[in-house]
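Colleague: Dropping the sequence and predicted coords here.
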Amino acid sequence: MITIKAKKKLLTVSAATVCAMTLAALATKTQASEFTSDTHVNTMSCLSVDELEFLTTSIKAESGLVGLGESLAQAEAEYGVNALFILAVASHESYYGRSNAAQTRNNLFGIMQRGGGQVVYPNKQNSVLGFARLISGRIYFEADRTTPAQINSKYAPNTPDWTPQVVELMNKYSQNLSEYAPPEPPVVIIDDVLYSETPAVIERPVKHFPPPPPLSDPAPDSPDAPEHTVLVVHLSADPLTKRKKYDILEPIEV
């Protein structure tokens, strides 16, 4: 597997480059290997934000980990900690974000502060990043503790079953990826037929924008009558002005 060093050590390649290399290597295999107690987790899962967000509720529908897809991807990219490992530990330590510490302190990993007591985070996203920063640092990755078993020896030394439980969750999440379906892009239909009252039919949710009324309707058989066409466009919005933007993808004659 391809690994990257922790953030405190110089990165010779970007996360995107590592992912491209990893995906190219996996393309030659029929099936990825299962995670074990000896799997190095200073590896890139190369999962997208949408894929990670899907996984947050793939085991527990009423998960308290909803909304962490972006921070999981960010933690992996910035600190080189496998996102599936982070998600598995969070699920195990916080009972899928539903523990008392998770709900009252936003602490998903049971991380303690100096002097006693659990760390209080402003939000769960910060908890994810804080855990990744800890694992990538001097106690774990920089000390060559990069497998679940090695991390267990320091992270939860009095809990020997921590490793198999975390590894089991990693494999469950990995298997659940087969159920992920990428979201379809938003679509808008613009009907160019000025006199038509019948909108085109597309087999997914769309918005139909009727054209403005014409100055004069040409006869249906007139050579000047407009053709019945539909423009399928991608709808987006400027984050600052909130104005909608339409990017034409393809015309369809109906």
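Modeller: Nice, I can see it. Numbers count the residues shown, from 1 in each chain.

Colleague: Any regions of this protein where pLDDT drops low?
Modeller: The chain contains residues with pLDDT under 70 at 1-18, 20-33, 184-254.

Colleague: Got the domain ranges for it?
Modeller: Domain assignment for the chain by automatic domain parsing gives 15-179, 187-253.

Colleague: Just the helices from this structure, written as ranges.
Modeller: Secondary structure of the chain (DSSP state H): helices located at 15-26, 49-55, 69-79, 83-94, 100-105, 124-135, 148-155, 162-176.

Colleague: Identify, out of these, the most deeply packed stretch.
Modeller: helix 83-94 (a mean of 26; mean count of other CB atoms under 10 Å). (Glycine included, C-beta is placed from N, CA and C.)

Colleague: any idea of the angle it forms with helix 124-135?
Modeller: Angle, helix 83-94 to helix 124-135, by axes from the mean of the first three to the mean of the last three CA atoms, to 10 degrees: 110 degrees.

Colleague: Let me know the distance separating residue 57 from residue 87.
Modeller: As judged by CB to CB, to the nearest Å, residue 57 and residue 87 stand 11 Å apart.

Colleague: meant to ask about residue 164
Modeller: 17 Å.

Colleague: One more: residue 182?
Modeller: Residue 182 sits 19 Å away from residue 87, going by CB to CB.

Colleague: Just the residues contacting stretch 147-165, thanks.
Modeller: Residues outside stretch 147-165 that contact it (CB atoms under 8 Å, 6 or more residues apart in numbering) are 35, 37-41, 85, 92, 135, 139-140, 144-145, 166-167, 170.

Colleague: Leaving out sequence neighbours, find the closest residue to residue 135.
Modeller: Among residues not flanking residue 135 along the chain, residue 81 sits closest, at 5.0 Å (CB to CB, 6 or more residues apart in numbering).

Colleague: I'd guessed the one you found sits against residue 73; true?
Modeller: No: using CB atoms under 8 Å, residue 81 is not in contact with residue 73, being 11.4 Å away.
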